[in-house]
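# take a look and give me a structure for this.
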Amino acid sequence: MEAWVEEGVAPTKEVDLKGFDAAVVERTDQRNKYEEKKKESTLEYKRLEEMDRKIISMLQGAGLTKFASSVGTISTRIDHSYRVPKDADSKHRFFDFIRQNDGEEMLQTLLTINSATANSYAKSKVAEADEKGELDFKIDGLEDPTMKVSLSFRKGK
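Numbers count the residues shown, from 1 in each chain. Okay, the predicted model is just below:
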């Protein structure tokens, strides 16, 4: 067994090569266990997603949004997600919307807008429009949001 020593660097203490090798072997074994568990976890997550799709389909087929089971209540949740405008025209229209509705200061805050900020802003504007009863509210420059139905579970008492 060869030990690699960086040129010009003197070891600060005596190295037990067998102990060092054992530590590297142990770390390699742990890494292999981790990778295996990660694969198992991915597989289990995919199974969980399939179960969620099945339950969502069952709830929707029954015209329900929630169900109180023997272990807790499961309910559907609809999440909306807006895409940040990609082309220049959409960006200009979106920024004009912000300027007209919230002023120049808000526009300057959002000019370097990322997806999370755009979503937060859009959701707040949609909530305001909902409160006013504006059912066909649209934000100029943003595409309609994508929707994802997911489940929420609360454990029974």
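# what is the subsequent helix or strand relative to the longest helix seen in the chain?
Secondary structure of the chain per DSSP state H: the longest helix is helix 17-61. Of the helices and strands lying after helix 17-61 in sequence (DSSP states H and E), the nearest is strand 66-68.
# next structured bit after that following strand?
Following strand 66-68 toward the C-terminus (DSSP H and E): strand 72-81.
# who does that following strand pair up with?
According to DSSP bridges, strand 72-81 forms sheet pairs with strand 66-68 (antiparallel), strand 146-155 (antiparallel).
# contacts for the first one?
Counting by C-beta atoms under 8 Å, 6 or more residues apart in numbering, the neighbours of strand 66-68 from elsewhere in the structure are 59, 73, 74, 75, 76, 156. For every residue, glycine as well, the C-beta is placed using N, CA and C.
# filter those to the buried ones?
Buried members of the contacts of strand 66-68, counted by 16 or more other C-beta atoms under 10 Å: 59, 74, 76.
# distance check, the first one against residue 144.
Separation of residue 59 from residue 144 (C-beta to C-beta, to the nearest Å): 24 Å.
# ditto for the last one
The span separating residue 76 from residue 144 equals 20 Å under the rule C-beta to C-beta.
# residue 143: what's its closest spatial neighbour, skipping adjacent residues?
Once flanking residues are discounted, residue 143 sits nearest to residue 83: 5.6 Å by C-beta to C-beta, 6 or more residues apart in numbering.
# quick one: residue 68 from residue 157, how far?
11 Å.
# need the pLDDT of residue 70.
Listed pLDDT for residue 70 reads 91.
# which non-adjacent residue is nearest it?
Per C-beta to C-beta, 6+ apart, closest to residue 70 is residue 156, 7.2 Å.
# give me the pLDDT for the one you found.
Confidence at residue 156, expressed as pLDDT, is 72.
# was I right to think it contacts residue 74?
No - Residue 156 sits out of contact with residue 74 when judged by C-beta atoms under 8 Å, with a separation of 10.6 Å.
# can you pull up the most central residue in the protein?
residue 116 (10.1 Å; C-alpha atoms, centre = their mean).
# what kind of secondary structure is that one in?
helix (DSSP: H, G, I helix; E, B strand; the rest coil).
# ok, it to residue 21 distance?
Residue 116 is 47 Å from residue 21, by C-beta to C-beta.
# having no further points to raise, I will conclude here.
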